[in-house]
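1. Here is my input; please provide its structure:
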Amino acid sequence: MPRLSQWSFETSSSLGVSGTNVGIEYSRIYLNDPSRAPFMFDYKATTFGISIGPKSSQKLTVNGSSEKMDSDGLVFMMDNFRAKELARSDFEGFCMFDEGTLTFKGFGVSALLLWVGIPMSKIPFEAANSPVGLGVSQLVIPGLGIWGKVVDLAIESSNLLPRSIFEQGAKAIIVMAGQSASSKRSFSVAGGIGIVSSSKNGEVNLYVKTSEDPNPVDRTTVHESVPIPADILFDFDKSDLKQTWQTEVALWTIARRIQLVSPPVVYVLGFTDSIGDYGYNLRLSKARAETIRRWFVNFGIVKSKKIVSEGYSWLHPIDVNSTIEGRAKNRRVEILF
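-> Just a heads-up that it's a prediction; the model follows:
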């Protein structure tokens, strides 16, 4: 029986192109490790499956999902994995997955069971054509709430890959479900074999390259970057500015410097620690950055059109999130000019 891991699922993105029965898929999975530090990995896979629907016979289908779509997931350690908890390196190696998707008018829901950390010696490449039951419906799917029902349906409907392979080789299984998009209206089931091509700490530029970042920082115009600990500016879980002398000193010191330099643009960037989910922290970091932006405008330090605010949730940490001190450093507002 797989054991629930302390790793947590954050979000995912994918892009797949398939023909009648065979296709390719590129996906990115965002997780948090047990210390709540962000982590991600990519995998590329060859897929095998069938599709049923009014457009299921079309030659080419494009489907996928983005980080902004609603999704949920759980991480489990397999029976044969003897360590107490997963390490980041345990996600590397080959992967295999079982997926079910239902789409209507371009949008729908999908569920995915992804086995990771499989050594090459355990991969029989004929596995995707073996219609043997998975037998994983005993997983604690209720932990996913409404998405658990989608996963359960996918398990009962697909059954493409033999369970024995994963028990012998995989270190972990990630159970995911969420919104998806497709170029056709159908119900499809698929299995796939791939490889985890990269695994990185979450501080690499992930979301900031997507539409989550409408105002990317032009580093060529930045001469100074001044971080201010959020604990000086805000109370816990708040975006209203503190009314303390430390707050005033911190802001007016930077304000005088900005007036002296007279930069063409000022950026106010908000960051949080890794406690809590990405979406909530994104809203909090944006709100805090906007509070500081309004302060500079209201006091006539910078004209409104020359100052930009943006929030990045728990991305781009400057210290570890596994200690109290590290999290305190990561909770900050950076002023760039």
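
2. Contact partners for the closest residue to D237 other than its chain neighbours?
-> Of all residues not flanking D237 in the chain, L284 sits nearest, at 7.2 Å (CB to CB, 6 or more residues apart in numbering). C-beta here means a position set from N, CA and C on the backbone, and glycine is covered the same way. With contact set as CB atoms under 8 Å, 6 or more residues apart in numbering, L284 has these partners: 237, 239, 270, 272, 311, 313.

3. where does D79 land in three-state SS?
-> Here D79 is coil, with the state taken from DSSP: H, G, I helix; E, B strand; the rest coil.

4. any idea how far the closest residue to A255 other than its chain neighbours lies from G311?
-> Excluding the flanking residues, the one nearest A255 by CB to CB, 6+ apart is I301, at 4.6 Å. To G311, I301 is 20 Å away according to CB to CB, to the nearest Å.

5. Could you do Q243 as well?
-> From Q243 to G311 the distance is 22 Å (CB to CB).

6. For these two, indicate the residue with more neighbours.
-> Counted by other CB atoms under 10 Å, Q243 and G311 do not tie: G311 has more neighbours, with 24 against 7.

7. What does the pLDDT read for S239?
-> In this prediction, S239 carries a pLDDT score of 93.

8. OK, contacts around it?
-> Counted by CB under 8 Å, 6+ apart, S239 has contacts 284, 287-288, 290-291.

9. With pLDDT, distance to A230 and secondary structure as extra columns, can I get those in a markdown table?
-> As requested, those are arranged in a markdown table below (pLDDT from 0 to 100; distance: CB to CB, whole Å; DSSP: H, G, I helix; E, B strand; the rest coil):
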| residue | pLDDT | distance to A230 | secondary structure |
| --- | --- | --- | --- |
| L284 | 94 | 9 | helix |
| A287 | 95 | 11 | helix |
| R288 | 95 | 7 | helix |
| E290 | 95 | 14 | helix |
| T291 | 96 | 11 | helix |
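
10. out of those, who's nearest I195?
-> L284 (36.6 Å; CB to CB).

11. what's the distance between the closest one and I275?
-> 11 Å.

12. Show me what the host helix or strand of L260 is packed up against.
-> Using DSSP states H and E, L260 falls within helix 245-261. Using 3 or more CB pairs under 8 Å, 6 or more residues apart in numbering; DSSP states H and E, the elements in contact with helix 245-261 are strand 225-229, helix 230-233, helix 278-298.

13. May I see the buried residues of it?
-> Neighbour counts using 16 or more other CB atoms under 10 Å place 247, 250-251, 254-255, 258 of helix 245-261 among the buried residues.

14. One more: stretch 10-27?
-> Under the neighbour-count rule (16+ other CB under 10 Å), stretch 10-27 has 10-14, 16, 18, 23, 25-27 buried.

15. which residues are contacting that stretch?
-> 28-32, 38, 42-50, 57, 59-67, 69, 71, 73, 176, 178, 180, 190, 192, 194, 277-278.

16. Mark which of the residues you listed are part of strands, please.
-> 28-32, 38, 42-50, 61-65, 71, 73, 176, 178, 180, 190, 192, 194 (DSSP state E).

17. Check those residues for burial and list the buried ones.
-> So, by 16+ other CB under 10 Å, the buried ones in the ones in strands among the contacts of stretch 10-27 are 28-32, 38, 42-43, 45, 47-49, 61, 63-65, 71, 73, 176, 178, 180, 190, 192, 194.

18. And the chain, split by domain according to the record?
-> 3-201, 209-336 (automatic domain parsing).

19. Lowest-scoring secondary structure element of the chain by mean pLDDT?
-> Least confident helix or strand of the chain, by mean pLDDT, DSSP states H and E, is helix 146-157 with a mean of 48.

20. hmm, back to that, closest to R327 among the contacts of S239?
-> Among the contacts of S239, and counting by CB to CB, the member closest to R327 is L284, at 13.9 Å.

21. how near is the closest residue to I29 other than its chain neighbours to G194?
-> Closest residue in space to I29, ignoring its immediate chain neighbours: S12 at 5.0 Å, by CB to CB, 6+ apart. As judged by CB to CB, S12 and G194 stand 14 Å apart.

22. try W115
-> 10 Å.

23. any common contacting residues for those two?
-> With CB under 8 Å, 6+ apart, W115 and G194 have common neighbours 95-97.

24. Now, the residues you listed that are in strands?
-> Counting by DSSP E, those contribute 95-97 to strands.

25. Which one of the residues you listed is nearest to S110?
-> Set against S110, the nearest of those by CB to CB is F97 (11.1 Å).

26. Verify the contact between the closest one and F48 for me.
-> No: with contacts counted by CB atoms under 8 Å, F97 stays clear of F48, the gap being 10.8 Å.
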